[in-house]
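Enquirer: need a structure here:
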Amino acid sequence: MQIHHMLSYTGKELTALIIREHYLSKIRPFIGKDIIKVLTGIRRCGKSVLLEQICAEINSPHTIFLNFEDLGNQHLCEYHALHDYICEKIGDSKEPFYLFFDEIQEVYGWEKAINSLRVKFHADIYITGSNSRLLSGELATYIAGRYISFIVYPFSYKEFKMVNADDTFDDYIQYGGMPFLSSINFEPEISKNYLQDIFNSVVLKDIVKRNHIRDVDLLERIIAYALANTGRSFSATSISRFFKAENRTVAPETILNYLKSCEDAYLLYRFKSQDINGKKMLKVNEKYYVADHGLREAVIGENLQNVEIVLENIVGLELLRKGYKVCIGRVGTKEIDFVAERQNHKLYVQVCYLLNDASTIKREFDSLLEIKNNYPKIVLYKEGLFRGNYEGIPAIKIEDWLIEKNEE
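Expert: Model (predicted):
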């Protein structure tokens with residue numbers, strides 16, 4: 001992977017960065033093509049800087065770059081105003097233009113402006129947004145078949161180590177992969193404040209404001225419950241019962257709506273459950289994982305004390321980052337942490353903290369041995385004396401698996 005350290009000033013953040021080749025390699029084939037490139041992901045995961053990196057790589061004098069969270073561009077946050085501004089800038093030029101629109105959801109009716117600009121000019125268009133509904137509703141109607149989307153995640157552990165090789169896996173477990181943290185050397189108090197600020201921004205701007213939520217306290221309590229129970233099966237009904245025990249009545253439907261709003265803002269990812277041998281999806285035993293486990297540390301704390309939960313979160317998000325569709329597996333009464341599918345490839349993954357004593361080794365591998373097919377299976381662990389494989393199934397240290405050059 002090409003490494004290039006730079007300083008980028010985004011808002012008020014001066015951040016040491018790397019070229020995010022994992023994403024650029026997927027975007028390059030579409031540069032110059034008549035298809036809108038859409039980058040989505042949780043707030044402050046690096047979308048803006050990635051947009052700058054694409055812009056720098058294209059290196060064209062015919063470029064317009066607008067960040068709609070910049071108050072200086074507030075007058076353009078309406079589709080007529082934006083459209084007229086771009087038309088004036090391009091004028092009668094026949095040259096191909098490159099248009100970069102950061103946090104496009106701040107523009108009212110943006111879909112109409114984007115579609116018109118695509119039709120009117122020889123323009124290569126790139127947009128970012130912090131909500132998955134950017135790709136639904138009117139957008140699908142206006143530019144159906146004319147866009148391709150890329151989900152951007154916080155730093156993987158490999159990217160985390162590229163920024164500073166001296167940082168440890170325990171640092172990553174505790175603080176997560178939000179890019180800016182590397183610039184402040186993971187100072188505990190500053191890091192916690194920064195992550196809390198991200199969390200509050202996501203909740204207030206991308207969930208409350210976008211969904212017109214009135215009961216913010218209830219939303220925060222539901223999110224806190226989901227973060228505390230990361231990687232554990234629970235349902236809206238179980239949360240409803242939890243609130244009832246605290247003398248608060250909340251309908252399961254309301255809880256589901258709030259959780260869906262968190263998914264739309266890329267704060268939470270819902271993993272469905274699959275009966276592996278029966279080859280069908282189940283309506284129970286779903287789990288939620290957080291986009292960046294550092295946010296869990298900032299809100300709940302004790303990542304290092306609840307390390308097995310966090311390790312699952314890290315592995316689950318890494319599988320998503322690599323383009324897998326991921327769910328939870330069930331084989332009879334036994335659970336497989338992750339079933340990852342991509343094209344014709346499938347991978348079964350068990351995650352544990354300690355792989356040492358015979359009973360733990362047997363438990364972790366036995367679930368995988370219940371699966372009667374020849375797709376690859378692995379056990380990932382953080383600590384332990386076990387090496388090699390167990391009845392043909394390899395055991396790999398999580399840290400090594402995250403760093404190794406496994407297929408993208």
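
Enquirer: Tabulate the CA atom coordinates of stretch 119-132 in PDB.
Expert: Presented in PDB, the C-alpha positions along stretch 119-132 are these (Å, rounded to 0.1, in the frame of the first residue of the first chain):
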ATOM      1  CA  VAL A 119     -27.100  16.200 -17.600                       C
ATOM      2  CA  LYS A 120     -26.100  19.800 -18.400                       C
ATOM      3  CA  PHE A 121     -22.300  19.500 -18.300                       C
ATOM      4  CA  HIS A 122     -19.400  17.200 -19.000                       C
ATOM      5  CA  ALA A 123     -18.900  16.800 -15.200                       C
ATOM      6  CA  ASP A 124     -17.400  14.100 -13.000                       C
ATOM      7  CA  ILE A 125     -19.300  14.300  -9.700                       C
ATOM      8  CA  TYR A 126     -18.300  13.100  -6.200                       C
ATOM      9  CA  ILE A 127     -20.400  13.500  -3.100                       C
ATOM     10  CA  THR A 128     -20.200  12.600   0.500                       C
ATOM     11  CA  GLY A 129     -22.900  12.200   3.200                       C
ATOM     12  CA  SER A 130     -23.300  10.900   6.700                       C
ATOM     13  CA  ASN A 131     -26.600   9.100   6.300                       C
ATOM     14  CA  SER A 132     -27.500   6.000   4.400                       C
END
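
Enquirer: what's the neighbour count on residue 20?
Expert: Look at residue 20: counted by other Cβ atoms under 10 Å, it has 23 neighbours. C-beta here means a position set from N, CA and C on the backbone, and glycine is covered the same way.

Enquirer: Also the one 3 residues further on?
Expert: Residue 23 has 21 neighbours, counted by other Cβ under 10 Å.

Enquirer: Check residue 361 too.
Expert: Neighbour tally, residue 361, other Cβ under 10 Å: 19.

Enquirer: same question, the one 3 residues further on
Expert: Per other Cβ under 10 Å, the neighbour tally for residue 364 reads 22.

Enquirer: repeat for residue 340
Expert: Here the number of neighbours of residue 340 (other Cβ under 10 Å) works out to 23.

Enquirer: and what of residue 75?
Expert: Other residues lying near residue 75 total 10 when counted by other Cβ under 10 Å.

Enquirer: Once you drop chain neighbours, what's closest to it?
Expert: In this structure, residue 75 finds its nearest non-sequential neighbour in residue 81, 6.2 Å apart by Cβ to Cβ, 6 or more residues apart in numbering.

Enquirer: got any ranges where the stretch 1-150 of the chain has weak pLDDT?
Expert: Scanning the stretch 1-150 of the chain for pLDDT under 70 picks out 1-17, 135-144.

Enquirer: before we move on, the earlier item: separation between the residue nearest to residue 75 and residue 63?
Expert: For residue 81, the distance to residue 63 (Cβ to Cβ, to the nearest Å) stands at 20 Å.

Enquirer: and what of residue 49?
Expert: Computed as Cβ to Cβ, the residue 49 to residue 63 distance reads 16 Å.

Enquirer: between the two, who's got more neighbours?
Expert: For residue 49 and residue 63, the more surrounded residue by other Cβ under 10 Å is residue 49, and the numbers stand at 23 against 14.

Enquirer: so what's the residue nearest to residue 323 when sequence neighbours are not counted bridging to?
Expert: Spatial nearest neighbour of residue 323, chain neighbours left out: residue 342 (5.5 Å); criterion: Cβ to Cβ, 6+ apart. Per DSSP bridges, the residues bridged to residue 342 are residue 345.
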